[in-house]
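Enquirer: Generate coordinates for the sequence data below:
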Amino acid sequence: MTESPHTFAAPARTSPERVGTLPVPAAPRLAGVRLAGVVVGLSACVLLWFGPFGFPPALQRSLAISALMIVFWITGPIELYLTGLIGCYLFWALRVTDFPTAFAGFARETPWFLLGAFLLGMTATKTGLALRLGYIILSRVGASYSRILLGMILVDFCLTFLVPSGIARIYILASIATGLMHAFEAERKSNIGRGMFLILTYSATVFDKMIIAGAVSILARGIIVDVGRVPVYWSQWAIACLPGDLVTIVTCWGLTLWLFPPEKRSLPGDVDYLRSELRRMGPLSADERRNAMLMAGAVLLWSTDFLHHLSPPVVGIGAGLAACLPAIGVLNRDDFRKVNFPILIFMGTVLSMGAVLTKTGALARLSETLFAGMAPYLQDTVPATAALYAGTFIYHLFVGEDTVVVGTLMPMVLDFARAHGMNPLPVGIIATIASSGKLFVYQSGVLVAGYAFGYFEAKDLVKVGVVMTIVEALVLLALVPWYWPLVGLRLR
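Expert: Modelled structure (predicted):
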């Protein structure tokens, strides 16, 4: 099996698969945490199953199995997808519900939407179109470090439309950043290296939430549709978050220059290095042209879904499958086998758990119990936004992986919001964006991937994370009451 010419070697601290597989590495867990997770998860399951709570049997048993799943997802004693499959099996085998409900998530569009997105991302990396786009943008921004840094952040944002995986974008951009490091003659622990790799990594986690592209936003969209029972347009989500994207780009740029002032302010030899890399790639290939046309068509249909009302998953799955067809796409059967199917299975099990909890009435009971104290803050838009953002951020500190945060917290938040007369769509978007606020590496597979290159330290991430978390919160507090109503999003 041959390697793609546009894949990159694994960094020193970890060895994830190549870019084409769109890996989703899990944050490392200590053995003590894993053991505690097993003990707590099994104990909670037994207590809820046999405890004298007076709940209807189906409700109580669905809570017991869900508690086991959630604790295992948080502490990670076994793989996320395996935990999910075991939970779905127990829902069915122990007769908590029937088979169609126990595995309902796999009949939803969300896992298959992510499959389409993965296939499109693999196409962009295999053909080299994503890398070429990066060099084209950077060769036009200028030779100063300040402009190159801004260009890298812009490339990260633009590639979100082509490569809907923050981890894959990190590996694409890493090859460019590493070359720039050599051009600047900068050391690994220099401010140039630390700032560039850190901000590319952090901004990737944010862009994946503000555009329905990455696994987290695709999962969030599916939960909003299933639990919130409202349509979610790709275009409306993108327009609602566009000011946040712009603020994120500018803030990341300024913050990096402030915290990590470069040792050299200009690229030696002007932009000759970037132009030489473009020349080395050669002219635009036929595969790249087909990939560009396919992506342009998908983005056009996504951005105009408010006109034709085609569901974003319909477009994404169709484009992804087209990428595998002869004469249209560039992927072959070997490429298809490298798709990260475990994350698709995990998504299906998360949605299945939500379906079971909804059918048994457990979701309504959970949401009212856990969020009853929030009710006084939900009457006005600004306090409600602050409460939702702060609650998600705090939950994220304990849970870690952002897909688990969205998968376990959002169903309850949306059910509670609907019960109190709130619009599930803006509530879901707020919770999704709030999951982008991070301080520690374990909170995202994207952060793990970026950290693995060894250019920045954990303390550097904390500095950037504190500022960016506050900035994103302030952006939401400004957008939700004043801008979002203009694009049809009102909390009430």
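Enquirer: Tell me which residues touch the spatially most central residue of the chain, please.
Expert: The centre of the chain sits closest to V216, judged by C-alpha atoms, centre = their mean, with a distance of 3.6 Å. For V216, the contact set (C-beta atoms under 8 Å, 6 or more residues apart in numbering) comprises D208, K209, D402, T403, V406, T432, S435. Heads up, the C-betas are built off the backbone N, CA and C, glycines and all.
Enquirer: check contacts around M468.
Expert: Applying C-beta under 8 Å, 6+ apart, the residues contacting M468 are Y202, V206, T248, T251, C252, L255, G437.
Enquirer: Run a quick neighbour tally on the fourth one.
Expert: Pointing back at T251 there. T251: 21 surrounding residues under other C-beta atoms under 10 Å.
Enquirer: those strands in the stretch 201-350 of the chain, which residues are they?
Expert: With DSSP state E, counting those that start in this stretch, there are no strands along the stretch 201-350 of the chain.
Enquirer: Could you list the low-confidence segments of it?
Expert: Residue ranges of the stretch 201-350 of the chain with pLDDT under 70: 267-271.
Enquirer: Would you map the helices across it?
Expert: 215-223, 234-259, 272-281, 286-303, 305-308, 312-322, 333-337, 341-360 (DSSP state H, counting those that start in this stretch).
Enquirer: Adding distance to S266, write those out as CSV.
Expert: Rendered in CSV, the data for those read as follows (distance: least, C-beta to C-beta, whole Å):
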stretch, distance to S266
helix 215-223, 37
helix 234-259, 14
helix 272-281, 12
helix 286-303, 31
helix 305-308, 44
helix 312-322, 41
helix 333-337, 40
helix 341-360, 42
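Enquirer: Determine which stretch of those helices is the most buried.
Expert: Comparing the helices of the stretch 201-350 of the chain by mean neighbour count (mean count of other C-beta atoms under 10 Å), helix 215-223 comes out on top with a mean of 27.
Enquirer: who touches stretch 374-383?
Expert: In contact with stretch 374-383 (C-beta under 8 Å, 6+ apart) are residues 384, 386-387, 391, 416-417, 420, 422, 477, 480-481, 491-492.
Enquirer: Which of the residues you listed ranks first by neighbour count?
Expert: A417 (29 neighbours).
Enquirer: Would it be right to say that that one lies in a helix?
Expert: Yes - counting by DSSP: H, G, I helix; E, B strand; the rest coil, A417 falls inside a helix.
Enquirer: what about F53, which SS state?
Expert: Strictly by three-state DSSP, F53 counts as coil.
Enquirer: Please list all residues in contact with S190.
Expert: Taking C-beta under 8 Å, 6+ apart, we find S190 in contact with M181, P262, E263.
Enquirer: Let's see that with 7 Å instead.
Expert: E263 (C-beta atoms under 7 Å, 6 or more residues apart in numbering).
Enquirer: Over to T123?
Expert: By C-beta under 7 Å, 6+ apart, the contact list for T123 reads N291, A323, G329, V330, L331.
Enquirer: Next one: it from A204, what distance?
Expert: When distance is defined by C-beta to C-beta, to the nearest Å, T123 is 19 Å away from A204.
Enquirer: before we move on, what about S62?
Expert: S62 sits 36 Å away from A204, taking C-beta to C-beta as the criterion.
Enquirer: Strands - which of the contacts of stretch 374-383 land there?
Expert: Members of the contacts of stretch 374-383 lying in strands (criterion: DSSP state E): none.
Enquirer: Quick one: those residues as JSON lines, columns for distance to L115 and pLDDT too.
Expert: Converted to JSON lines, the contacts of stretch 374-383 look like this (distance: C-beta to C-beta, whole Å; pLDDT from 0 to 100):
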{"residue": "A384", "distance to L115": "35", "pLDDT": "89"}
{"residue": "A386", "distance to L115": "36", "pLDDT": "92"}
{"residue": "A387", "distance to L115": "35", "pLDDT": "89"}
{"residue": "G391", "distance to L115": "31", "pLDDT": "88"}
{"residue": "F416", "distance to L115": "31", "pLDDT": "86"}
{"residue": "A417", "distance to L115": "29", "pLDDT": "85"}
{"residue": "H420", "distance to L115": "35", "pLDDT": "82"}
{"residue": "M422", "distance to L115": "32", "pLDDT": "88"}
{"residue": "L477", "distance to L115": "36", "pLDDT": "94"}
{"residue": "V480", "distance to L115": "32", "pLDDT": "94"}
{"residue": "P481", "distance to L115": "37", "pLDDT": "93"}
{"residue": "L491", "distance to L115": "33", "pLDDT": "85"}
{"residue": "R492", "distance to L115": "36", "pLDDT": "79"}
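Enquirer: so which of the residues you listed comes closest to L119?
Expert: L119 has its nearest neighbour among the contacts of stretch 374-383 in A417, at 33.4 Å by C-beta to C-beta.
Enquirer: Surely that closest one and P426 touch.
Expert: No - the pair A417 / P426 is not scored as a contact, 9.1 Å apart, by C-beta atoms under 7 Å.
Enquirer: rewinding a little: generate CSV for the contacts of M468, with distance to K459 as supplementary columns.
Expert: Formatted as CSV, these follow (distance: C-beta to C-beta, whole Å):
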residue, distance to K459
Y202, 14
V206, 20
T248, 22
T251, 20
C252, 18
L255, 15
G437, 17
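Enquirer: just those now: which is nearest I317?
Expert: V206 (25.6 Å).
Enquirer: I'd say the closest one and I249 touch.
Expert: No - with contact defined as C-beta under 7 Å, V206 and I249 do not form a contacting pair (9.5 Å).
Enquirer: the inter-axis angle of the helix or strand hosting K459 versus helix 234-259?
Expert: For K459, the host element (DSSP states H and E) is helix 458-478. Going by axes from the mean of the first three to the mean of the last three C-alpha atoms, to 10 degrees, helix 458-478 is angled at 130 degrees with respect to helix 234-259.
Enquirer: mind listing what's buried in helix 458-478?
Expert: Buried residues in helix 458-478, counted by 16 or more other C-beta atoms under 10 Å: 460-461, 463-465, 467-469, 471-473, 475-478.
Enquirer: One more: stretch 438-450?
Expert: Across stretch 438-450, burial judged by 16+ other C-beta under 10 Å covers K438, L439, V441, Y442, Q443, S444, G445, V446, L447, V448, A449, G450.
Enquirer: Now render the residues you listed as a markdown table, adding pLDDT.
Expert: As requested, these are exported to a markdown table (pLDDT from 0 to 100):
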| residue | pLDDT |
| --- | --- |
| K438 | 90 |
| L439 | 89 |
| V441 | 84 |
| Y442 | 80 |
| Q443 | 83 |
| S444 | 84 |
| G445 | 81 |
| V446 | 86 |
| L447 | 87 |
| V448 | 82 |
| A449 | 82 |
| G450 | 86 |
